[in-house]
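**Q** no sequence for this one, just the structure:
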């Protein structure tokens, strides 16, 4: 492709600095994006990627530094400014209104009008045009809530293109996609790039970063560590740049020593809160010293399965036994008492009380037992002592045990959950998406802890939509699709491609 | 990540203080605009509230029910419940304490007084517990139900006082005077200030202890901040709703009983408290902190007590006090305004209060 003008610098950030009370989130960051280039911003959570993009998108004002677009200095104070300079953003959590159709969502805030009324015709035809051009196969009249996650993401991309964005920011776009959907997204990104659009791609998945990027800039602690071209680097080097030390990417796991059953599930049927049957007669068994992985694309019943197993949701029929004891559902404490640790899927909703100090989150499930309390009165000195011990043991990076949990990074919040759950005497660990949204360092740590738990003789149920995680940690894999386990296999026989197809419901 | 801890503590106090100061300034502008003398008005306000020992004692008399009712609302907030029914629960406590006070005879004071007081607390607890139960079992929103319960109790009290409980020998409709044995003693014989004030301060310590040092308090606060996490931790959310509403109602009932046993020694049909509604403002100003309730209640009491003299001195309407109070609440409820006026940066991640979480579930 590309003559000189195509490859010129479209965006340059110079000396961007932004501090929050007590934190220097961006420390003199220089970043430049060429026209028709996919430039990846790689870094752990808390490295400053999001802050930088929020500055570019007008959500924060930088303390220092300048932004130039096409060589001209600009001031971006609101997202509207960003849009007017041709910057569009696809957020990690989609900003779509589920009950509206595609057209309505796309034109929202930028309605084309005819005599004061919305001109749908015109909008629809432009959306059709864009959809055909990039082969998105979208019907402008489809309602958002009926679309798959992958489709919704395409709507977000069209939304940016409809606003004539020249620079697209994609914030962790593959976090919610199946491998097949990711592939499709990458081919869309490539065709956008060939059109001359410039893309900032944010991710911490090393493999895909190497696959899609033209250039990779690594951030750590608010500073640029360096920029590399994918052909000149490796996963190992990128991980080292990101974390600042050598990282063990492959989990070292000894052979399994499978013992007696810990968790037995037979013909389990669960309805979600709306009364839709989302788990259809699932049966499986988890043994001592075994990691049983439930692989599947988000939204295939995993959430409800885990909630039923942990007593958060009643189940309609079937049988759950933990350590041979039948569980009747809807009583989380009963499950905990049988020696179950639960790392919930959504740590903000279930796992933590964010406005609480770390200390209180560490005792959330044991506060009523001795020695944490006696006769209904909390033993504060003991709780403080125990918390400090756990903070040290599980390497939770917090200024104090009284620090508000909300102010910690995602990785440290998750470590708080893990510390609480693994500090009990467990027989079974149920971990749902335990590393979602975490940085490489924290993922490494949590994987290590899960393996340790297994090696100590616990049974582990690991529910994950990350194939890498399933493949590297589990001993046995059950693939869940539309509420059924459609195949159970030994993880040594599993391949990424094979699992990807099974997750999409293709049994071959 | 480091936190500027010192700054966060001081902001907690600074914003309410600035809200009050700003409201008084706005009040001054209004007084000036209506042609009255600002100095005389505020001097009258101050003197009316604190000018003489008697004025101070009267401020304490009003502070007493304000502390208890403010505490009741704050306690509800801590469990994520918006108890607007404090007024009704206060009436329940007042009417019950009055009945035990005059109808039960022949008991010594050390039994009769606690009995009447506890009966008032129990009545408030029941009246508060009912909407708690309705929320726990049916999902009925406590805001709606407590408002309805207010209407029921206020009308019921009116009926009881004018009919079965009426003292027919009295010139105004009221209940008979309570027995001497049910009187809450005065602190100083010369003033109306009674031991209810000490009781209210003790209640503050008790509620603080309950909330922050007991497992029950831990459960209530967890339910208030994150119901899902509470369920995950195996707590019984329904039980906590009922218990929290009952305790909140009990505090309100105690306020009502105190008014009868310590102050009026009877319950007149014309009994209008309004404490239960001001209590919402007091709890907001105190940010639901039990100890914050004391100065917050004292401020409200001083404004209420000083308003009369302000009216006389500056011939300005007593309603000005309501305007000032309204501004204080507005600034507390929307701290962004105060932050903007005084250029104070926001802070993250404090244990705040959640007023109400939508309707139904």
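**A** Everything's here; your move. Remember, it's a predicted structure, so these values are computed and weren't measured experimentally.

**Q** burial count for residue 80?
**A** If you meant another chain, say so; for now it's chain A. Taking other CB atoms under 10 Å in any protein chain shown as the criterion, the count of residues near residue A:80 is 12. Any C-beta I mention is one placed from the backbone N, CA and C, and that applies to glycine too.

**Q** my bad, chain B
**A** Other residues within reach of residue B:80, judged by other CB under 10 Å, total 25.

**Q** ok so it is a strand residue?
**A** No. Under DSSP: H, G, I helix; E, B strand; the rest coil, residue B:80 sits outside any strand and is assigned coil.

**Q** So which bits of stretch B:312-327 are buried?
**A** Residues of stretch B:312-327 classed as buried by neighbour count (16 or more other CB atoms under 10 Å in any protein chain shown): B:313, B:314, B:316, B:320, B:321, B:324, B:325, B:327.

**Q** In contact with whatever residue of chain B ends up closest to chain A: list those residues for me.
**A** Of all residues in chain B, the one sitting closest to chain A is residue B:234 (2.9 Å; CB to the nearest CB). Listed by CB atoms under 8 Å, 6 or more residues apart in numbering or on different chains, the contact set of residue B:234 reads A:311, A:331, A:332, A:333, A:334, A:336, A:365.

**Q** near chain B too, which of the residues you listed?
**A** A:311, A:331, A:332, A:333, A:334, A:336, A:365 (CB under 8 Å from any CB of the partner chain).

**Q** if we can go back for a sec, out of the contacts of residue B:234, which are buried?
**A** So, by 16+ other CB under 10 Å, the buried ones in the contacts of residue B:234 are A:311, A:331, A:332, A:334, A:336, A:365.

**Q** farthest pair in those?
**A** Across the buried ones among the contacts of residue B:234, the two members that end up farthest from each other (CB to CB) are A:331 and A:365, 13.4 Å apart.

**Q** rewinding a little: will you turn the buried ones among the contacts of residue B:234 into TSV that also has distance to residue A:238?
**A** Formatted as TSV, the buried ones among the contacts of residue B:234 follow (distance: CB to CB, whole Å):
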residue	distance to residue A:238
A:311	41
A:331	46
A:332	40
A:334	45
A:336	40
A:365	37
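
**Q** quick one: the helices in the stretch 51-200 of chain B?
**A** With helices called from DSSP state H, counting those that start in this stretch, the stretch 51-200 of chain B shows them at B:53-78, B:86-103, B:109-138, B:142-162, B:196-213.

**Q** Deepest-packed of those helices, please.
**A** For the helices of the stretch 51-200 of chain B, the stretch with the most neighbours on average is helix B:86-103, a mean of 29; neighbours defined as mean count of other CB atoms under 10 Å in any protein chain shown.

**Q** pLDDT of that helix, averaged?
**A** Here the mean pLDDT over helix B:86-103 is 97, rounded to a whole number.

**Q** what's the answer for stretch B:155-170, then?
**A** Mean per-residue pLDDT for stretch B:155-170: 95.

**Q** now swap in stretch B:320-339 and tell me
**A** For stretch B:320-339, the mean confidence score works out to 85.

**Q** Stretch B:199-214 too?
**A** Summarised as a single mean, pLDDT over stretch B:199-214 is 98.

**Q** what about residue A:366, which SS state?
**A** Assigned state for residue A:366: coil (three-state reduction, three-state DSSP).

**Q** Skipping its backbone neighbours, what lies nearest it in space?
**A** By the measure of CB to CB, 6 or more residues apart in numbering or on different chains, the closest residue to residue A:366 outside its immediate chain neighbours is residue A:372, 5.4 Å from it.

**Q** In the stretch 201-350 of chain B, where is pLDDT below threshold?
**A** Screening the stretch 201-350 of chain B residue by residue with the criterion pLDDT under 70, one finds the ranges B:345-350.

**Q** run the last query once more with 90
**A** Counting by pLDDT under 90, the stretch 201-350 of chain B has low-confidence residues at B:270-274, B:315-322, B:324-325, B:328-350.

**Q** So stretch A:375-385, near chain B or not?
**A** Yes. Shown here: stretch A:375-385 in contact with chain B (CB under 8 Å from any CB) through A:376, A:377, A:378, A:380.

**Q** what comes up buried for that stretch?
**A** Buried residues in stretch A:375-385 (16+ other CB under 10 Å): A:378, A:379, A:383.
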